[in-house]
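In: I would like the atomic coordinates for the input below:
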Amino acid sequence: MTKLSVNVNKIALLRNSRGRNFPDVVEHVEKLITLGVKGITVHPRPDERHVTRQDVYDISNCLRSYSDVEFNIEGYPSQHFLNLIKDVAPDQCTLVPDEPGQLTSDHGWDIPENRSLLLETNTMLREEKIRSSLFLDPVPDQVNEAAEVGSDRIELYTEEYASRYGTEAESACWLTYAETAIRALELNIGVNAGHDLDLSNLARFLEIDSILEVSIGHALVVESIQYGLEFVIEKYLAIAANRAGRGV
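Out: From the prediction side, this is the model:
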């Protein structure tokens, strides 16, 4: 079974657009948990255009009441970000190679170019008893590098798969992800995935049965507007549990 971790950044973005606490991000987190979600993800960016530092603290405090729900915090390992991680001590920290003003994550790490930074950061996370994950493109050789810098997991960047889903290129693309996941298993590295996964393409992707966690936010929020939150969460949980087929 694959864990669904819901990224609530878009809920925070919607709140920020009106200047008051509506929708309430923490209340939304609690609603997701009542619907069966066992993971919450946030990506606090330096400009706080969606999730803020205060949101991170508030969500962390909320999740202390739910020992079976994991908290995953994504971000570039600046000192400012790592200070937040030390304060909050989430279950998992996913390191992404984003520039400060970047609209959204759009590539995985070039680990050789960032070896010292990633090795130092992963060492710190291990000392703090926080599981580490590296945002990675589907390249088996990069998994070898992830092992060298001491990563507990990788998160496969799935935009390439999503863009090719339903086309003639789908199978070959999916295979590169499968091969990368296999290499990770050989090196005893866990595999997560995220970015542009949705109700239509997730089941096919999870034919890679070693995926431990999928992080989904933007598509889930849009689909909830279309079909309703309860229906959408039920469908995602069913797909993650390998109990449903493709599509809505």
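In: now do the buried residues in stretch 11-31.
Out: Ile11, Ala12, Arg15, Asn16, Val25, Val26, His28, Val29, Glu30 (16 or more other C-beta atoms under 10 Å). C-betas here are computed from N, CA, C, even on glycine.
In: measure it end to end?
Out: Taking C-alpha to C-alpha, to the nearest Å as the measure, stretch 11-31 stretches 12 Å from start to finish.
In: for that stretch, what is the distance to the chain centroid?
Out: Chain-centre distance of stretch 11-31: 19 Å, with C-alpha atoms, centre = their mean, to the nearest Å.
In: now it: mean pLDDT?
Out: Predicted confidence along stretch 11-31 averages 96 (mean pLDDT).
In: not counting sequence-adjacent ones, nearest residue to Ser5?
Out: Excluding its sequence neighbours, the residue lying closest to Ser5 (C-beta to C-beta, 6 or more residues apart in numbering) is Gly39, at 2.9 Å.
In: residues in contact with Leu185?
Out: Applying C-beta atoms under 8 Å, 6 or more residues apart in numbering, we find Leu185 in contact with Val191, Ser210.
In: now do the SS call for it.
Out: helix (DSSP: H, G, I helix; E, B strand; the rest coil).
In: how much space between it and Gln142?
Out: The gap separating Leu185 from Gln142 is 15 Å, by C-beta to C-beta, to the nearest Å.
In: what's Asp55 in contact with, if anything?
Out: Asp55 is in contact with Ala12, Val25, Val26, Val42, Pro44, counting by C-beta under 8 Å, 6+ apart.
In: for the residue sitting nearest the centre point of the chain, give its distance to Glu148.
Out: Most central in the chain under C-alpha atoms, centre = their mean is Ser215, positioned 3.6 Å from the mean C-alpha point. As defined by C-beta to C-beta, Ser215 lies at a distance of 24 Å from Glu148.
In: got the phi/psi numbers for Ala203?
Out: phi -60, psi -40 (degrees, to the nearest 10).
In: give me the neighbour count for it.
Out: If you count neighbours by other C-beta atoms under 10 Å, Ala203 ends up with 18.
In: I figured it hits Ile239, correct?
Out: Yes: between Ala203 and Ile239 there is a contact under C-beta atoms under 8 Å: 5.0 Å.
In: taking the contacts of Asp55, tell me the two that lie furthest apart.
Out: Pairwise distances among the contacts of Asp55 were taken by C-beta to C-beta; the largest, 14.6 Å, belongs to Val26 and Pro44.
In: so which residues of this protein form strands?
Out: Using DSSP state E, the strands of the chain run over 3-7, 39-42, 70-75, 92-95, 131-136, 153-157, 190-194, 211-216.
In: for the last one, packing partners?
Out: By that I understand strand 211-216. Applying 3 or more C-beta pairs under 8 Å, 6 or more residues apart in numbering; DSSP states H and E, one finds that strand 211-216 contacts strand 3-7, strand 39-42, strand 70-75, strand 153-157, strand 190-194, helix 202-205.
In: in this structure, where is pLDDT below threshold?
Out: Where the chain drops to pLDDT under 70, the residues are 100-106, 243-248.
In: before we move on, the earlier item: TSV for the helices and strands packed on strand 211-216, including distance to Pro97?
Out: Formatted as TSV, the helices and strands packed on strand 211-216 follow (distance: least, C-beta to C-beta, whole Å):
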stretch	distance to Pro97
strand 3-7	18
strand 39-42	17
strand 70-75	10
strand 153-157	10
strand 190-194	14
helix 202-205	22
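In: hmm, back to that, and the residue nearest to Ser5, how far is that from Asn9?
Out: 14 Å.
In: also Glu145?
Out: 28 Å.
In: so Lys3 sits against Ile216, correct?
Out: No: contact criterion C-beta under 8 Å: Lys3 and Ile216 do not qualify, at 11.1 Å.
In: more neighbours: which of those two?
Out: Ile216 (26 against 19).
In: I'm done for today, thanks for sticking with me.
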